[in-house]
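[1] coords below, sequence missing:
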């Protein structure tokens, strides 16, 4: 990840988490940023009765950049750790995950780490990337100038947390009466029950990493013993499993999207009726950015599981509206409109399992949105769409932006380069250089101004700031003083990002 933590304004530092359990930060010349690295410590406080504290040391997902106290206070980094408080009496059902936040100087922020109640965190197993500390935090400006962060334990609706470490919302929730059922399902996942089939036991053993657990009580609401009976579960509960979320303006409302797994349908298909031919239901979910219930039309059916991935928010339909685009492990690339319907022409098809997220851009700078996706097998796919690239300004790639900030609203795309530059020097007389204008974001929009340097031969160069008058793709003229031997033009957008300079002689 790239973010400015310290030093000269405008420079970017490199941030990287590692399996040594530390967050590292380096300056552009490879030195440690002052105050870094930091290692999230074991959380303080009294463990609940029957719980044990586990720390597998590793940090798996990158931190998110968040301005928890506003831009003036500088950026903060929020990370999900593998520190877990585990209910030792139920072998990992009803656990607590932890998230940490640090200032740009590496100081832990007040109110953090945040303890997040969750359904299930399996430790010491073969699937730690899925079942321990794998949820990617994402930040969003909810109040003016102040960010909140979305983050989740495993198999649990995500929380929205503010800068003081207070939970201010959730994206979805367990239905009334579901807590007992879900706790029972979690116990079934890690305890071979007397009524389970041989296939169910194998699934349980693979998830628990051990054999010989005793039978635990079943459905909490029914008081039954052993495996819950098929068909006795409540309506499905979509929860994240190995996937994370993204923010974007969808249908005029700032929203949070992610793919989710049906917890009840998974338990039914894998454990209760393993030979029944029933599938695990997958969903694309969309919530208001502040949390709450699903938006109308969602959750929508989704094909496959987006392991380690996130959706993106980009316009791929011809209507200019932001769509939710996501891929997964079943060769399908889906796109949903604001009401949860599939965008015409989707799904697109690959040859296998995709990782992370597709990327949206305009490969030919023709004003249309293109999608690019890599599969686990090493194939690169690209599709054209009817979307407008000017509307591709929400969440266009894994990590949101070119800095991998995982923060909605980060501006990382610089202006493009002036193209088709023409200049006929006028000797001692003034002349005009003309070119096809770049955009504020590559080749869309309009830049703020141009830095122009005139090479004056033996005399000192002259520099000017020229206000842009033409949008991307149209002709821009700049007057050149007499006696100039060269002209260097560099576009600047309103966020201060610089395009690559071009020089003509």
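    Perfect, I can see it now. For clarity, every value in this text was computed on a predicted model and none was experimentally measured.
[2] could you chop this protein up by domain?
    Following automatic domain parsing, one finds the domains of the chain at 235-412, 419-504.
[3] just put the ones you listed in JSON lines and tack on mean neighbour count, mean pLDDT and distance to residue 114.
    Heads up, the C-betas are built off the backbone N, CA and C, glycines and all. Listed next are the domains of the chain as JSON lines, based on neighbours: other CB atoms under 10 Å; pLDDT from 0 to 100; distance: least, CB to CB, whole Å:
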{"stretch": "domain 235-412", "mean neighbour count": "20", "mean pLDDT": "92", "distance to residue 114": "15"}
{"stretch": "domain 419-504", "mean neighbour count": "16", "mean pLDDT": "94", "distance to residue 114": "31"}
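[4] export those as TSV, with columns for distance to residue 138.
    Shown next, in TSV, are the domains of the chain (distance: least, CB to CB, whole Å):
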stretch	distance to residue 138
domain 235-412	5
domain 419-504	20
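[5] which strand residues bridge residue 287?
    residue 256 (DSSP bridges).
[6] was I right about it contacting residue 255?
    Yes: under the criterion of CB atoms under 8 Å, residue 287 lies in contact with residue 255, with a separation of 6.3 Å.
[7] now the common contact residues for those two.
    residue 295 (CB atoms under 8 Å, 6 or more residues apart in numbering).
[8] could you say which helix or strand holds residue 130?
    If you go by DSSP states H and E, residue 130 is part of helix 128-131.
[9] quick one: distance of the lengthiest strand in the chain to the chain centre.
    Ranked by residue count, the top strand of the chain under DSSP state E comes out as strand 76-87. Here the centre of strand 76-87 is set off from its chain's centre by 17 Å, with CA atoms, centre = their mean, to the nearest Å.
[10] where along the stretch 101-250 of the chain do the helices fall?
    128-131, 178-190, 198-208 (DSSP state H, counting those that start in this stretch).
[11] weakest of the ones you listed in terms of mean pLDDT?
    In terms of mean pLDDT, the lowest-scoring of the helices of the stretch 101-250 of the chain is helix 198-208 (a mean of 35).
[12] backbone phi and psi for residue 391, please?
    phi -90, psi 0 (degrees, to the nearest 10).
[13] ok, now which ones touch the residue nearest to it when sequence neighbours are not counted?
    The shortest distance from residue 391 to any non-neighbouring residue, by CB to CB, 6 or more residues apart in numbering, is to residue 315 (3.8 Å). For residue 315, the contact set (CB under 8 Å, 6+ apart) comprises 321-323, 369, 387-388, 391-392.
[14] just residue 453 next, same as before
    By CB under 8 Å, 6+ apart, the neighbours of residue 453 are 461-463, 487-488.
[15] that older thread, go through the domains of the chain and name the closest to residue 40.
    Residue 40 lies closest, by CB to CB, to one member of the domains of the chain: domain 235-412, at 17.4 Å.
[16] distance between the ends of that closest one?
    42 Å (CA to CA, to the nearest Å).
[17] elements contacting the longest strand of the chain?
    strand 51-55, strand 64-66, strand 96-102, strand 146-151 (3 or more CB pairs under 8 Å, 6 or more residues apart in numbering; DSSP states H and E).
[18] closest one to residue 426 among these?
    Taking CB to CB, strand 64-66 is the member of those nearest to residue 426, at 48.4 Å.
[19] find the nearest non-adjacent residue to residue 62, please.
    Closest to residue 62 by CB to CB, 6+ apart is residue 1, at 5.4 Å.
[20] could you report the separation of the one you found from residue 139?
    12 Å (CB to CB, to the nearest Å).
[21] list residues touching both of these two?
    Common neighbours of residue 1 and residue 139 (CB under 8 Å, 6+ apart) are 65, 405-406.
[22] just give me the closest of those to residue 443.
    Using CB to CB, residue 405 is the member of those that sits closest to residue 443, with 22.4 Å.
[23] hang on, that closest one packs against residue 4?
    No: applying CB under 8 Å as the test, residue 405 and residue 4 come out as separate, 10.8 Å apart.
[24] contacts only, for the residue of the chain most remote from its centre.
    Within the chain, residue 428 marks the point farthest from the mean C-alpha position, 55.4 Å out by CA atoms, centre = their mean. Under the criterion of CB under 8 Å, 6+ apart, the neighbours of residue 428 are 482-483.
[25] distance of it relative to residue 485?
    12 Å.
[26] for residue 390, helix, strand, or coil?
    helix (DSSP: H, G, I helix; E, B strand; the rest coil).
[27] got it, and residue 270?
    helix.
[28] and residue 72, by the same measure?
    helix.
[29] retrieve the pLDDT associated with it.
    Residue 72 is given a pLDDT of 91.
[30] count the residues that sit near it.
    7 (other CB atoms under 10 Å).
[31] would you enumerate the residues in contact with residue 288?
    253-256, 295.
[32] residue 292 touches residue 168, doesn't it?
    No: using CB under 8 Å, residue 292 is not in contact with residue 168, being 11.4 Å away.
[33] who's in contact with residue 354?
    So residue 354 contacts 306, 309, 327-329, 333, 373-376 (CB under 8 Å, 6+ apart).
[34] in strands only, show me those residues.
    327, 333, 373-374.
[35] check those and tell me the two furthest apart.
    So for the ones in strands among the contacts of residue 354, where distance means CB to CB, the most widely separated pair is 333 and 374, at 11.6 Å.
[36] if we can go back for a sec, against residue 250, how distant is the residue nearest to residue 391?
    From residue 315 to residue 250 the distance is 10 Å (CB to CB).
[37] now residue 171
    Distance from residue 171 to residue 250, by CB to CB: 14 Å.
[38] same check, this time on residue 339
    10 Å.
[39] ranges for the strands of the stretch 401-505 of the chain?
    419-423, 431-436, 449-455, 462-467, 475-480, 486-492, 502-504 (DSSP state E, counting those that start in this stretch).
[40] and these: which comes nearest residue 51?
    strand 486-492 (54.7 Å).
[41] looking at residue 145 now. What's its pLDDT?
    84.
[42] I'd assumed residue 147 was in contact with residue 137.
    No: the pair residue 137 / residue 147 is not scored as a contact, 10.8 Å apart, by CB under 8 Å.
[43] redo the strands of the stretch 401-505 of the chain as JSON lines? Include distance to residue 300.
    Converted to JSON lines, the strands of the stretch 401-505 of the chain look like this (distance: least, CB to CB, whole Å):
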{"stretch": "strand 419-423", "distance to residue 300": "41"}
{"stretch": "strand 431-436", "distance to residue 300": "41"}
{"stretch": "strand 449-455", "distance to residue 300": "44"}
{"stretch": "strand 462-467", "distance to residue 300": "46"}
{"stretch": "strand 475-480", "distance to residue 300": "44"}
{"stretch": "strand 486-492", "distance to residue 300": "40"}
{"stretch": "strand 502-504", "distance to residue 300": "46"}
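[44] so which of the ones you listed gets nearest residue 71?
    For residue 71, the closest of the strands of the stretch 401-505 of the chain is strand 486-492, at 19.6 Å, according to CB to CB.
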